[in-house]
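Asks: only the shape, not the letters, is given here:
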């Protein structure tokens, strides 16, 4: 197991996703953020099943930065309750993981 994590969040438009990506990388909370989309999400919200077009952000970071990362996403995310999920990176190429570690805060 590594100390690397991938955090996932979604937004309703590309501009919000790009703003989140830019801020997280500028603040050295993420080494890289990939923006994917549009994607189709079906979910239950306030008792109703809804389907919406969204953009997904895949955030590459380190476990010890998760609390700061979540706080930063919540500060700039427009959703009332954004998806913020952290997944552990079990393994990865040695070179990529070394690069990731150098790009984010210590």
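Replies: Perfect, I can see it now. All values derive from a computational prediction rather than experimental measurement.
Asks: name the single longest helix found in this protein.
Replies: Of all the segments of type helix in the chain, defined by DSSP state H, the longest one is helix 14-26.
Asks: can you list the residues that contact the helix or strand following that helix?
Replies: Of the helices and strands lying after helix 14-26 in sequence (DSSP states H and E), the nearest is strand 32-45. Outside strand 32-45, the residues that touch it by CB atoms under 8 Å, 6 or more residues apart in numbering are 10, 14, 17-18, 20-21, 24-25, 49-60, 100, 103. C-betas here are computed from N, CA, C, even on glycine.
Asks: now the helix or strand following strand 32-45: buried residues?
Replies: With elements assigned by DSSP H and E, the helix or strand that comes after strand 32-45 is strand 48-62. Within strand 48-62, the residues that qualify as buried are 54, 55, 56, 57, 58, 59, 60, 61, 62, counting by 16 or more other CB atoms under 10 Å.
Asks: surely residue 28 touches residue 106?
Replies: No. In this structure, residue 28 is not within contact of residue 106 by CB atoms under 8 Å, at 9.2 Å.
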